[in-house]
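In: Take a look and give me a structure for this.
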Amino acid sequence: MQGVVYRKTQQGLEEMINRSSGISVKLRQLLIQIDGIKPVASLVTPLEGRELVQGLMALEWDALIEKVPGSVATFAPAPSNTPAAAPAPVASPALPAGVQAVSSGQLARIQHILYVTNRTHLTGELDEWLETVVPRVKDTQALGDCLDHWERRMNAKGQSGMARTYKAQIIAILQG
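Out: The predicted model follows:
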């Protein structure tokens, strides 16, 4: 993440002027630092480590910032000339019709989204649920049940718009 460069979107520029999205002071300070030139490692911000990554993700998901094309994260693997083999589809005769297996990679990405939303929008109220229930998800039916629970909590906190945005990302993960 340290080598990634972010820039403000048009919406991010408007936020700088209007202060209409209600982001926290720390996220506003982070947004101010983003200039499309400095990599993440050069930003002067009170956020560090996981909190910085979560802040960047929140700003990106709120469409206030975007990655500059060509900037790369320092943890990204070096490009390979050998094309990666596509993972074999997981067939499970035990699953009901219309229910598909969820790969561990998909689940990890979805768990990350749920973790960030839990921290950012639900003030950690789903911590135990994220540690005990979500890791046991193996198929789209169980995932749907989990997402229904998560979405009810988001809606109860007045975050239905954010829930729709994140759910669209989760659907993209499952389709991709």
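
In: Pop the domain breakdown of the protein in here.
Out: 6-67, 104-175 (automatic domain parsing).

In: Now do the end-to-end distance for the longest one.
Out: This means domain 104-175. End-to-end distance of domain 104-175 (Cα to Cα, to the nearest Å): 14 Å.

In: so for that domain, what's the average pLDDT?
Out: For domain 104-175, mean pLDDT rounds to 86.

In: For the residue nearest to the spatial centre of the chain, which non-adjacent residue is closest in space?
Out: Geometric centre of the chain, nearest residue: Ile113, 4.1 Å, by Cα atoms, centre = their mean. Spatial nearest neighbour of Ile113, excluding adjacent residues (Cβ to Cβ, 6 or more residues apart in numbering): Tyr166 at 5.5 Å. (Each C-beta comes from the backbone N, C-alpha and C, glycine too.)

In: Number of residues surrounding that neighbour?
Out: A total of 23 residues lie near Tyr166 under the criterion other Cβ atoms under 10 Å.

In: Pull the distance from the helix or strand harbouring it to the chain's centre.
Out: Assessed by DSSP states H and E, Tyr166 sits inside helix 160-175. Mean-position distance between helix 160-175 and its chain equals 9 Å (Cα atoms, centre = their mean, to the nearest Å).

In: a markdown table please, covering the domains of the chain and showing distance to Gly98.
Out: Converted to a markdown table, these look like this (distance: least, Cβ to Cβ, whole Å):
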| stretch | distance to Gly98 |
| --- | --- |
| domain 6-67 | 29 |
| domain 104-175 | 8 |
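
In: Helices along this protein, start to end?
Out: Remark: helices assigned in the chain by DSSP state H are 10-18, 25-33, 49-61, 104-121, 127-132, 140-156, 160-175.

In: Packing partners of the third one?
Out: In other words, helix 49-61. strand 6-8, helix 25-33, strand 65-67, helix 104-121, helix 160-175 (3 or more Cβ pairs under 8 Å, 6 or more residues apart in numbering; DSSP states H and E).

In: Identify the residues contacting the nearest residue to Glu60 once chain neighbours are set aside.
Out: Distances taken as Cβ to Cβ, 6+ apart place Glu66 nearest to Glu60, at 6.6 Å, with adjacent residues excluded. Neighbouring residues of Glu66 by Cβ atoms under 8 Å, 6 or more residues apart in numbering: Tyr6, Arg7, Thr9, Glu60.
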